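Asker: quick check, what structure comes out for this input:
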Amino acid sequence: MMHEPDPAHRVARWLAAFDGALSRHDIPAATALFADECYWRDFISFTWNIATQEGREAIGRMLAASLARVRPGSWRIEGAAKSSGGIAEAWFTFETAIARGKGYLRLKGDECWTLLTVMRELKGFEEKRGETRALGTQHGVVTNRRSWLEAKTQEESELGYRTQPYCIIVGGGQGGMGLGARLKCLGVPTLIVDKLERPGDAWRRRYKSLCLHDPVWYDHMPYLPFPDHWPVFTPKDKMGDWLEMYAKVMELNYWPSSECKKAVYDERAREWTVMVDRKGTTVSLQAKHLILATGMSGVPHTPDFPGKARFRGVQHHSSQHPGGDGFAGKKCVVIGSNNSAHDICADLWECGADVTMIQRSPTLVVRSETLIELSIGRLYSEAALRAGITTEIADLTVAATPYRILHQLQIPIWQKIRQKDADYYDRLSASGFMLTFGEDESGLSMMYHRRGSGYYIDVGASELIVTGRIKLRSRVGVAEIGESSVILSDGIELPADLIVYATGYGSMNGWAAQLISREVADKVGRCWGLGSATNQDPGPWEGELRNMWKPTRQEALWFHGGNLAQSRHYSLYLALQLKARMEGIPTPVYAMGEVHHAG
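Answerer: Here you go, the predicted structure:
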């Protein structure tokens with residue numbers, strides 16, 4: 001019986017050869033270690049960018065531009081290597097002139113197929129934790145001692161007035177807080193502004209049945225994971241309270257009831273002026289960097305259907321839906337068929353409403369239990385933790401697969417999901433519901449990264465549709481809105497006391513258009529999407545998510561968002577980029593993204 005060569009030996013040998021070639025600045029020798037099909041995904045350690053180089057030539061160009069500056073070395077395997085089907089893979093560590101990093105290597109034979117390199121910390125600017133944590137007090141007798149509370153109170157009262165932050169984060173949800181915590185631990189003066197009254201209100205103000213659709217293992221915040229007794233799916237008010245606690249415990253400089261009204265960048269001073277309405281008083285702030293942390297979505301999109309202005313009932317976008325209380329016995333129409341539409345339909349039905357869903361295009365649907373079992377749970381679950389897969393390892397494992405080949409790995413998973421739940425999908429289709437699994441049948445993850453919409457993780461609403469308790473009108477559009485009805489493209493008129501437009505959101509650069517200018521929004525271009533040339537994700541191919549967590553074409557303007565897992569993981573790299581700039585470390589950006597789509 002043939003045995004594969006020891007994977008640890010193969011990986012160590014490749015790393016040694018790679019280290020030697022880079023040390024000699026022998027780029028041809030370095031690129032020769034890569035396979036014909038190869039990918040190098042780098043998170044700021046070589047490129048000061050989040051970028052994937054595809055193919056030997058692209059890798060060679062990146063090394064030619066960065067090698068003399070980066071001066072990488074000390075490439076060492078970390079932990080055990082593994083091998084399957086001829087592919088050896090392992091974690092490794094490395095260093096550059098200014099940073100320490102970690103990575104993941106996959107070898108086909110003796111050549112690299114995929115390589116991940118990420119910066120983990122800047123030398124000399126490490127977070128104070130573990131053995132280097134702050135003492136917290138000054139022992140002995142100290143005259144005029146200033147307590148922790150006094151120092152904290154003084155900092156909070158002065159920041160934004162006597163002293164100015166280095167960074168302003170617009171948006172105080174989980175994304176803004178997680179990034180704020182990273183920056184706090186790196187010593188970057190940061191102010192978070194949010195228009196709502198209390199941290200966590202963005203969750204509290206939604207309909208009462210809302211909960212996270214992703215499981216708890218996937219949703220931890222930086223530094224403070226949820227406790228072991230936390231429920232698998234977090235209810236909205238519990239999440240709101242957790243975020244309020246997080247802001248307090250992480251000592252974030254957080255201004256609630258503070259709406260960002262206008263931001264202007266001074267190109268000569270290289271500084272933002274940000275006008276904030278803080279509890280009715282206008283405050284002018286100055287900062288070197290502005291981060292829009294308003295989620296992965298932009299301004300709510302509400303179609304301007306003919307007759308909309310004459311509707312006499314209640315109508316609003318799904319983002320403004322407070323819940324179904326008060327609509328018992330009322331005729332309710334929800335336009336849309338993705339996550340929010342399903343949740344709101346179920347909420348209205350639970351409250352005794354007569355509710356109809358309008359499905360205008362196919363939707364990907366997956367049972368929550370099946371998604372955890374066959375997809376998410378492989379990396380984020382109690383079983384994964386027992387196997388030694390920490391949250392950090394899970395995040396980096398996800399990052400280790402370049403987007404160009406991700407769909408190939410997802411297709412078999414979704415074939416298993418469809419086989420396991422074949423009866424479920426048959427019943428849903430028989431109800432008239434239009435299903436899709438993506439244009440290449442690669443499932444939810446690819447649809448999420450390509451367009452950020454088009455799916456529903458089923459936590460109960462699908463059964464209501466199958467049994468007719470939620471009425472369904474599919475394969476139709478909306479022709480117009482009447483005084484008390486929705487008129488469909490097939491001529492059917494649905495009486496309506498409430499219309500909910502669960503019709504999605506625009507690109508995040510829409511917030512830049514509102515807060516800064518349309519010119520800056522167009523200069524930055526569209527956010528999110530890979531350039532896959534699939535529905536709602538126009539080409540050309542980008543290879544990474546557009547404009548997210550990395551430099552944009554507008555100097556000192558950044559976008560931070562995504563789901564909880566992405567916000568947790570990518571907040572580190574965004575924080576390190578900002579810290580480096582604050583400390584005056586040169587940060588030449590390689591392969592700055594081109595702008596192909598304004599919005």
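Asker: low-confidence ranges in this structure?
Answerer: Within the chain, the stretches with pLDDT under 70 are 1-4, 296-297.
Asker: let's see 80
Answerer: For the chain, the stretches with pLDDT under 80 are 1-5, 137-138, 141-142, 295-298, 599.
Asker: element containing Leu574?
Answerer: Using DSSP states H and E, Leu574 falls within helix 564-582.
Asker: that helix: how far from the chain's middle?
Answerer: Relative to its parent chain, helix 564-582 has a centroid offset of 12 Å by CA atoms, centre = their mean, to the nearest Å.
Asker: what's it packed up against?
Answerer: Where contact means 3 or more CB pairs under 8 Å, 6 or more residues apart in numbering; DSSP states H and E, helix 564-582 is packed against strand 111-122, helix 174-185, strand 289-292, helix 391-399. Placement of C-beta: from N, CA and C, glycine included.
Asker: who wins for proximity to Thr552 among the ones you listed?
Answerer: strand 289-292 (10.0 Å; CB to CB).
Asker: how many residues are close by the nearest residue to Arg312 once chain neighbours are set aside?
Answerer: Closest residue in space to Arg312, ignoring its immediate chain neighbours: Glu483 at 5.2 Å, by CB to CB, 6 or more residues apart in numbering. Neighbourhood size, Glu483 [other CB atoms under 10 Å]: 10.
Asker: same check, this time on Arg146
Answerer: Counted by other CB under 10 Å, the residues lying close to Arg146 total 10.
Asker: helix, strand or coil for it?
Answerer: At Arg146, secondary structure determined by DSSP: H, G, I helix; E, B strand; the rest coil is coil.
Asker: OK, contacts around Leu396?
Answerer: By CB atoms under 8 Å, 6 or more residues apart in numbering, Leu396 lies in contact with 91, 102, 104, 116, 118.
Asker: now the third one: how far from Trp113?
Answerer: Right, the one you point to is Tyr104. Counting by CB to CB, to the nearest Å, the separation of Tyr104 from Trp113 is 11 Å.
Asker: quick one: the helices in the stretch 1-150 of the chain?
Answerer: Counting by DSSP state H, counting those that start in this stretch, the stretch 1-150 of the chain has helices at residues 7-23, 27-31, 56-70, 148-158.
Asker: returning to what we had before: would you mind putting the helices and strands packed on helix 564-582 into TSV with distance to Ala134 alongside?
Answerer: What follows is the helices and strands packed on helix 564-582, written out as TSV (distance: least, CB to CB, whole Å):
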stretch	distance to Ala134
strand 111-122	17
helix 174-185	11
strand 289-292	25
helix 391-399	23
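Asker: ok, which of those comes nearest Cys527?
Answerer: Evaluated over the helices and strands packed on helix 564-582, closeness to Cys527 peaks at strand 289-292, with 9.0 Å, by CB to CB.
Asker: what residues does the closest one touch?
Answerer: Residues contacting strand 289-292 (CB under 8 Å, 6+ apart): 166-171, 176, 179, 263, 265, 272, 274, 508, 511-512, 515, 556-560, 574, 578, 581.
Asker: which strands border it, and is each parallel or antiparallel?
Answerer: Strands that pair with strand 289-292, judged by DSSP bridges, come out as strand 167-170 (parallel), strand 557-559 (parallel).
Asker: only whichever of the contacts of strand 289-292 are buried, select them in ChimeraX.
Answerer: Per 16 or more other CB atoms under 10 Å, the buried members of these correspond to this ChimeraX selection:
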select :166,167,168,169,170,171,176,179,263,265,272,274,508,511,512,515,556,557,558,559,560,574,578,581
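Asker: and the helix or strand that Lys416 is a member of, what other elements does it pack with?
Answerer: Using DSSP H and E, Lys416 sits in helix 403-420. Where contact means 3+ CB pairs under 8 Å, 6+ apart, helix 403-420 is packed against strand 50-54, helix 368-374, helix 444-451.
Asker: could you check the angle strand 111-122 makes with the first one?
Answerer: Strand 50-54 and strand 111-122 are oriented at 160 degrees to each other (axes from the mean of the first three to the mean of the last three CA atoms, to 10 degrees).
Asker: and strand 50-54 with helix 391-399, angle?
Answerer: 40 degrees.
Asker: who touches strand 50-54?
Answerer: Counting by CB under 8 Å, 6+ apart, 38-44, 59, 61-62, 402-404, 543-545, 548-550, 570, 573, 590-591 sit against strand 50-54.
Asker: neighbouring strands - and their directions - for that strand?
Answerer: With DSSP bridges as the test, strand 50-54 is paired with strand 34-43 (antiparallel).
Asker: gap between the partner strand and the chain center?
Answerer: Counting by CA atoms, centre = their mean, strand 34-43 is centred 23 Å from the centre of its parent chain.
Asker: list the buried ones in that strand?
Answerer: Neighbour-count burial for strand 34-43 flags 34-35, 38-43 (criterion: 16+ other CB under 10 Å).
Asker: dump it to PDB, restricted to CA.
Answerer: Provided in PDB are the C-alpha atoms of strand 34-43 (Å, rounded to 0.1, in the frame of the first residue of the first chain):
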ATOM      1  CA  PHE A  34       3.900  27.700  -7.100                       C
ATOM      2  CA  ALA A  35       1.700  25.500  -9.300                       C
ATOM      3  CA  ASP A  36       0.400  26.500 -12.700                       C
ATOM      4  CA  GLU A  37      -2.900  27.200 -11.000                       C
ATOM      5  CA  CYS A  38      -2.100  29.200  -7.800                       C
ATOM      6  CA  TYR A  39      -3.400  31.900  -5.500                       C
ATOM      7  CA  TRP A  40      -1.800  34.100  -2.900                       C
ATOM      8  CA  ARG A  41      -4.300  35.900  -0.600                       C
ATOM      9  CA  ASP A  42      -2.700  38.600   1.500                       C
ATOM     10  CA  PHE A  43      -4.100  40.600   4.300                       C
END
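Asker: mind putting the helices and strands packed on helix 403-420 into JSON lines with mean neighbour count and distance to Tyr218?
Answerer: As requested, these are exported to JSON lines (neighbours: other CB atoms under 10 Å; distance: least, CB to CB, whole Å):
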{"stretch": "strand 50-54", "mean neighbour count": "22", "distance to Tyr218": "21"}
{"stretch": "helix 368-374", "mean neighbour count": "18", "distance to Tyr218": "9"}
{"stretch": "helix 444-451", "mean neighbour count": "22", "distance to Tyr218": "12"}
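Asker: make CSV out of these and add distance to Gln566.
Answerer: Shown next, in CSV, are the helices and strands packed on helix 403-420 (distance: least, CB to CB, whole Å):
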stretch, distance to Gln566
strand 50-54, 12
helix 368-374, 17
helix 444-451, 10
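Asker: ok so, going back, wait, which of the helices of the stretch 1-150 of the chain is closest to His449?
Answerer: Each of these has some distance to His449 by CB to CB; the shortest is helix 56-70, at 20.8 Å.
Asker: does Tyr39 touch Thr117 like I think?
Answerer: No. The criterion here is CB atoms under 8 Å, and Tyr39 misses it with Thr117 at 11.6 Å.
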